[in-house]
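Novice: 3D, please:
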Amino acid sequence: MNDKKAHGGKRKGAGRKPVDFNLILKVGQACSELERKEYEAQKYALLNDETNLQEFFDDINSIPVAERKDFIGSDYHMEHSESVNDELKTLGQRADVHGNSPRLIHIRRPYGSVIPIRREVADAFGLSEMQVKNYLQKYREFLKNHD
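Specialist: Residues are numbered from 1 along each chain as shown. Okay, the predicted model is just below:
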């Protein structure tokens, strides 16, 4: 009878072939790089195209460190904080228990954004999308175990 734990037939050369781990690493790194670029593009669009948050952040960073304590209680600080809160509310950022908008912006990966990345990597490496998905799982498991 057939051994259920083995994949493929009993003849020589039958069954699944082992996958080169370097290929798994290359595919995983390519997917991670494309995901990072997608995240950066979303962050750029969020800060520059949809809001003026980047201008607010640059304005605050232009204040010399020695003068920042004086800035904290000023009218300009209150006006600045209200403007940032308004911008964050337009982005749909969650408010804290006091109703204030968080200063750390939460950027979510848009639904379905992984599929085009997998297709692009599959085309680049000459693999199927399912192979890329499986290799990416193995790559993430490898990273998780070696952190």
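
Novice: so who does Ile63 touch?
Specialist: By C-beta atoms under 8 Å, 6 or more residues apart in numbering, the residues touching Ile63 are Phe71. Heads up, the C-betas are built off the backbone N, CA and C, glycines and all.

Novice: centroid-nearest residue for the chain?
Specialist: Nearest to the mean C-alpha position of the chain, by C-alpha atoms, centre = their mean, lies Tyr39 at 4.7 Å.

Novice: other SSEs contacting whichever strand or helix holds it?
Specialist: Element membership for Tyr39 (DSSP states H and E) is helix 21-44. Helix 21-44 is packed against helix 114-125, helix 129-145, with contacts defined by 3 or more C-beta pairs under 8 Å, 6 or more residues apart in numbering; DSSP states H and E.

Novice: now the ones you listed as a markdown table including distance to Lys26?
Specialist: Formatted as a markdown table, the helices and strands packed on helix 21-44 follow (distance: least, C-beta to C-beta, whole Å):
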| stretch | distance to Lys26 |
| --- | --- |
| helix 114-125 | 7 |
| helix 129-145 | 9 |
